Each structure stands twice: as structure tokens, then as C-alpha cells.
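Novice: Pasted the sequence and its predicted model underneath.
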Amino acid sequence: MGPFDDPVSTAIGTHSSAGSSYLTSSAFCGTCHDVTSPTGLRLEEAFSEWQNSPAAECGQNCQSCHMGPVPGVPVPIDQRPLGRAATVPDVDPQRIPLRRLSDHTFAGPDYSLLPDTEFPHKLDWMYEVDYRQFDQLTPYQQKTLTELRRANRTALRIASEKRYQLLRNAARIAVQAPAWADAGQAIGIRVDVTSITAGHSFPTGFTAERQAWVQITVRDPHGRTIFQSGDLDPNGDLRDEHSYAVEKGKIPFDKYLLNFQNKFTALTTIGTDRSVILSVNRHLQPVNVLRPATGVAASYGRPASFRLAKGSLPPLATMGRTYPVQLPHLAGSYRIDVRLLFRHLPPVLLDRIGTSHLKHLLESVVIDHRQAVIQVGQSAVGNLCSPSDSAALRYLNQRSSSPSAATVETKP
Ligand code: HEC
Ligand code: HEC
């Protein structure tokens, strides 16, 4: 079964085949990309979000963004590249019709955390031999293993490039800051995140683990940080209620954090909700003890009292925040650096599920990046031209990173 109404496999003598319009519908993707746990928890909602989206309204299906030439950009089927969808042994390629090609990579935020010997391909003999002892392998095994690793690395690199492309087609940031201010003044820096995805919320799917957040740093003329939000704790986690260091009181809670992650929330014994990483109560300071599960949480996935607190950005919506920054009594150029970052899994989750050794493989992808400068003068100078009132606010949206460069930050 395939998307074409005029299959030729019977004519060229392979197997019987038929066209199916179901395969080209969003409903087909929706059979798997809406996940409800047996307890009724709406775990993933890509399909239902799409059904209520601007994309659905104008007839853009999942395939247009996820199977076209540019991940995340809707390309109608009649604008896709033409080519032959298959090569069939002993059949003249001219007999295989030219088709509009679909990309089957299904690039998404996820990537393999396995070594390059394991994924996407592995050879049959590798299941019977300890191939880590390269010297002890036969020449044939050494040769095929080297070829496999090279091919796997190439495939993973192509998949990563598509992943970065998809993510960069999700959202943009805009920064509004005063161009001038007085030393010692309290200013506001406005950061807005706008979804450019008409298809569903950002993030979507496995939203409880996806982190899409704003990292802002303001530095004084000497390069010292005078304000930051969205920076990472010593474990590489955000400074939110899931951070060990925040929980232990070692570093302050990031009260201005703008993070679009949807968090798992469980009912506590005193009737309130609390955000949790896993469905078991393993917080260092269980002030609010979680209500015990009434069923077998292991088989139902989550206890009955679980829900997802939605924080994601709806399609094409804008959400932002004004960061209050107290300037010190020092004149000069202050630099503002703002990034929209995305991470598919937080380090604390890997700790909780016993895979801490994989934390170094987590990467934060830079979706968008802006920089701005505030000229800070002594108060008298500032008052002369009174430039620091709100009328002087202006958009400073020079893109400082080239959109084609793969900007990836690894965990420090
Ligand atoms: C207008 C383009 C567009 C359409 C239409 C669209 N998507 Fe997406 N999709 C994106 C972009 C951009 C991302 C990356 C940002 C994100 O994760 O939200 C994405 C991410 C995803 C992810 C990764 C989620 C995760 O777990 O992190 C899934 C799964 C997905 N889409 C499924 C679908 C399905 C199913 C449909 C149709 C019901 C659909 N998409 C329609 C653009 C689109
Ligand atoms: C038979 C079930 C099934 C169907 C049908 C299906 N998917 Fe998926 N899809 C999955 C599973 C399972 C994953 C892997 C989950 C993961 O990576 O978190 C996945 C992964 C993805 C991803 C990557 C997500 C990530 O986290 O990186 C995208 C994008 C995606 N699917 C889009 C689609 C689209 C578009 C369609 C329809 C053309 C579709 N899927 C149809 C089950 C399905």
C-alpha cells in the first residue's frame, strides 16, 4: 500500500499493490501521535493540537511539514522534488515512474544516545562476537565493522542536520531593550517568543521532557554577569523545582525562567499539586508527600492523580516576559545575549532513571539568538537627553547567528 493511485508493481512483476489516501492524511499519523495512558492521562497530543490548528484550517497535513524537503516547512506535494522512489533489481529504471518524493527520516527532537556501532544499523555477526576487542576480530569483521561505523556516522549526521532544521523552524525570539539608560537605573528587557509552527504547539509530543527555554545574560562593561535567567545549575539542569542544587538551597530558584516544558504534576496528601519528574516520590525534601497510587502505576504508566500542566506555546502564538534588570552605578556598554534553546531530555531525568552516564550526550540546540547593547551613561548625561523613558524603547533584532550554521551547545 502506498500514496500513489497508479502503482506499477504489478506491471513490472513485483508484488500486488494499491493506492491509499489514508496514508496521506493526518488521521493516519494521529493513530499513534495522540497518546492517552490507561488512567486517562493525555500524555501526547500532537494530533489533537493539529486538529484545532491554523495548519488544519488551511489544509496543511502532517506530511507536508514532516515528509517534505525542508523539515518543519509546509511544502505541498506538487512542489516536492521528482525522482524514482525505488530501484528494482533486473528492471529497467525507465519503467519506474517519476514521482514526487517523500522524505522518510521523520526528523524530530530525539536522537540516538547509542554508540555508532549500534544504530541505525548493526551487522548479523555482531550479535555473536565481542566486537569491542577490535584486534581479535577477523580481517573481514574488522573491515565490515569499520564500514558500518562510517555509514552509521554519516546517517546520524544527516539526521542531526534535519533535526536542527526542524527545530529552527519552530519559533523566533524578539528582544526589546532601551538603547540608552542611566547608571543605577532599573530597566526592563522584554523577550517575546513567537511560534512559527502552524501545525501544533511548541513543544508537542513528548512535552513533559522537552525543554524549550529562553536564556538571557546581561553583562556589564567589564564582562561580568549582572543578570541571568535560563542558565544551568552544576548538573546541567535549569534552576527550577527539578534542580538538585535549588532544592538543597545552594543556588537561587530562577524566578524569571521562561520555559515551555509541560510538567508532570501529581496530587499530594494535602490536596495540592506538585510538579514531579517521575511518578514516584523521590524528592530530597518531600514536604508535600505524593498521594499513594490507587492502582499499579507500573502497568498504567502513571498514577491516577497524574496530570500534565501545559506550558507549551500554541501554534503561531507569542508569549514573553519582561526581565527586571537593576543596572549598577557603572557607565559603559552593557551587552544582552538572548537565546531560545531546546533540549530533548533534562539531565535530572537521566539521573532518575539510572542512566547518569549518558548525560554528557545531551545537547541544547540554539533555535534563535539575538544580541543587543545598552549604552549606560552617568545620570546627568542621561537626563540631558532623557532617552531612557519607555518611548525610547526600540527593537534590537539583529540576528547574530547565521540561520544555516548548526549552532549546538553541549552541556558544560
Ligand atoms: C506547519 C508545519 C507542521 C505541521 C503541519 C505539523 N508539524 Fe509536527 N513539528 C513541526 C515542527 C517545526 C516541529 C519541531 C518543534 C516541536 O517539537 O514542536 C514539530 C515536531 C513534531 C514532533 C516531535 C514531538 C516531540 O516529541 O518532541 C512530532 C511527533 C510531530 N511534530 C508530529 C506531527 C503530527 C502527527 C502532525 C499532524 C497531526 C504534525 N506534526 C504537523 C512542524 C509541523
Ligand atoms: C504506527 C505508529 C505511528 C504512526 C502511524 C506514525 N508514527 Fe511517528 N512515531 C512513532 C513512534 C513510536 C515514534 C518514536 C517516538 C519517539 O521518538 O519519541 C515516532 C516518531 C516520530 C517523529 C520524531 C519524533 C521525535 O521525538 O524525534 C516524527 C516527527 C513523527 N513520528 C511524525 C509522524 C508523522 C508525520 C506521521 C504520519 C505520516 C507518523 N509519525 C506516523 C509512531 C508512529
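Specialist: Okay, I see it. Residues are numbered from 1 along each chain as shown. Ligands and ions are numbered 1, 2, ... in the order given.

Novice: what about the residue of the stretch 251-400 of the chain found nearest ligand 1, how many neighbours?
Specialist: Among all residues of the stretch 251-400 of the chain, His344 sits closest to ligand 1, at 6.7 Å; criterion: Cβ to the nearest ligand atom. Placement of C-beta: from N, CA and C, glycine included. A count of nearby residues for His344, using other Cβ atoms under 10 Å, gives 20.

Novice: Next up, the contacts around it.
Specialist: For His344, the contacting residues are Pro109, Asp110, Tyr111, Phe206, Glu209, Arg210, Leu362, by Cβ atoms under 8 Å, 6 or more residues apart in numbering.

Novice: Confirm for me that the last one is in contact with Leu341.
Specialist: Looking back up the chat, that one is Leu362. No - Leu362 sits out of contact with Leu341 when judged by Cβ atoms under 8 Å, with a separation of 11.6 Å.

Novice: Looking at those two, which has the bigger crowd around it?
Specialist: Leu341 (23 against 18).

Novice: helices and strands around the host helix or strand of the more buried one, which ones?
Specialist: Element membership for Leu341, per DSSP states H and E: strand 332-343. For strand 332-343, the elements it packs on are strand 171-178, strand 186-195, strand 211-219, strand 363-377, judged by 3 or more Cβ pairs under 8 Å, 6 or more residues apart in numbering; DSSP states H and E.

Novice: What count of nearby residues applies to the closest residue to Tyr22 other than its chain neighbours?
Specialist: Nearest non-adjacent residue to Tyr22, counting by Cβ to Cβ, 6 or more residues apart in numbering: Phe28, 5.4 Å away. For Phe28, the neighbour count with other Cβ under 10 Å is 17.

Novice: ok, now the one 4 residues further on?
Specialist: For Cys32, the tally of surrounding residues (other Cβ under 10 Å) stands at 10.

Novice: Same question for Thr194.
Specialist: 17.

Novice: Start at 877, not 1
Specialist: Yep, numbering from 877; the last one is Thr1070 now.

Novice: which residues does the residue nearest to it when sequence neighbours are not counted contact?
Specialist: Spatially, and ignoring its direct neighbours in sequence, Thr1070 is nearest to Thr1194 (4.4 Å; Cβ to Cβ, 6+ apart). Applying Cβ under 8 Å, 6+ apart, we find Thr1194 in contact with Asp1068, Val1069, Thr1070, Ser1071.

Novice: Please report how far the first one lies from Trp1056.
Specialist: Meaning Asp1068. Using Cβ to Cβ, to the nearest Å, we find Asp1068 at a distance of 21 Å from Trp1056.

Novice: Torsion angles phi and psi at the residue nearest to Thr1070?
Specialist: When read as degrees, to the nearest 10, the backbone of Thr1194 gives phi -120, psi 130.

Novice: got it, and Lys1038?
Specialist: Torsion angles, degrees, to the nearest 10, at Lys1038: phi -70, psi -40.

Novice: That one: what's it in contact with?
Specialist: Contacts of Lys1038 by Cβ under 8 Å, 6+ apart are Pro947, Asp979, Thr981, Ala983.

Novice: What of Ser1209?
Specialist: Ser1209 touches Pro1097, Val1249, Ile1250, Gln1251, Val1252, counting by Cβ under 8 Å, 6+ apart.

Novice: Identify each buried residue in stretch 957-974, please.
Specialist: Val967, Ile972 (16 or more other Cβ atoms under 10 Å).

Novice: how long is that stretch from one end to the other?
Specialist: With Cα to Cα, to the nearest Å as the measure, the ends of stretch 957-974 fall 10 Å from one another.

Novice: Repeat that for stretch 944-963.
Specialist: 21 Å.

Novice: Please apply the same query to stretch 970-982.
Specialist: 29 Å.

Novice: same thing with stretch 958-977?
Specialist: 6 Å.

Novice: what sits up against that stretch?
Specialist: Taking Cβ under 8 Å, 6+ apart as the rule, stretch 958-977 contacts Phe880, Asp882, Val884, Ala887, Ile888, Gly889, Thr890, Ile953, Asp954, Arg956, Pro957.

Novice: Grab the nearest non-local neighbour of the last one.
Specialist: Pointing back at Pro957 there. Leu977 (5.4 Å).

Novice: Return the distance of Ala983 relative to Gln939.
Specialist: Taking Cβ to Cβ, one finds Ala983 at 13 Å from Gln939.

Novice: buried subset of the contacts of stretch 958-977?
Specialist: Applying 16+ other Cβ under 10 Å to the contacts of stretch 958-977 flags Phe880, Ile953, Arg956 as buried.

Novice: Quick check on Tyr1016: phi, psi?
Specialist: Dihedral angles for Tyr1016 - degrees, to the nearest 10 - are phi -60, psi -50.

Novice: residues near it, how many?
Specialist: Tyr1016 has 9 nearby residues by other Cβ under 10 Å.

Novice: go on, Ala1053?
Specialist: For Ala1053, the neighbour count with other Cβ under 10 Å is 24.

Novice: That one touches Val1067, doesn't it?
Specialist: No - checked against Cβ under 8 Å, the pair Ala1053 and Val1067 is beyond contact range at 9.0 Å.

Novice: Quick check, pLDDT for the residue most central in space within the chain.
Specialist: Centroid check for the chain by Cα atoms, centre = their mean gives Phe1218 as the closest residue, at 4.2 Å. Per-residue pLDDT puts Phe1218 at 98.

Novice: What are the structural domain limits within the protein?
Specialist: 897-976, 983-1044, 1045-1136+1187-1286, 1139-1185 (automatic domain parsing).

Novice: for the closest residue to Asn937 other than its chain neighbours, what are its contacts?
Specialist: For Asn937, ignoring the flanking residues on the chain, the nearest one in space by Cβ to Cβ, 6+ apart is Ser902 at 4.5 Å. The neighbours of Ser902, taking Cβ under 8 Å, 6+ apart as the test, are Phe923, Trp926, Gln927, Ala932, Asn937, Cys938, Gln939.
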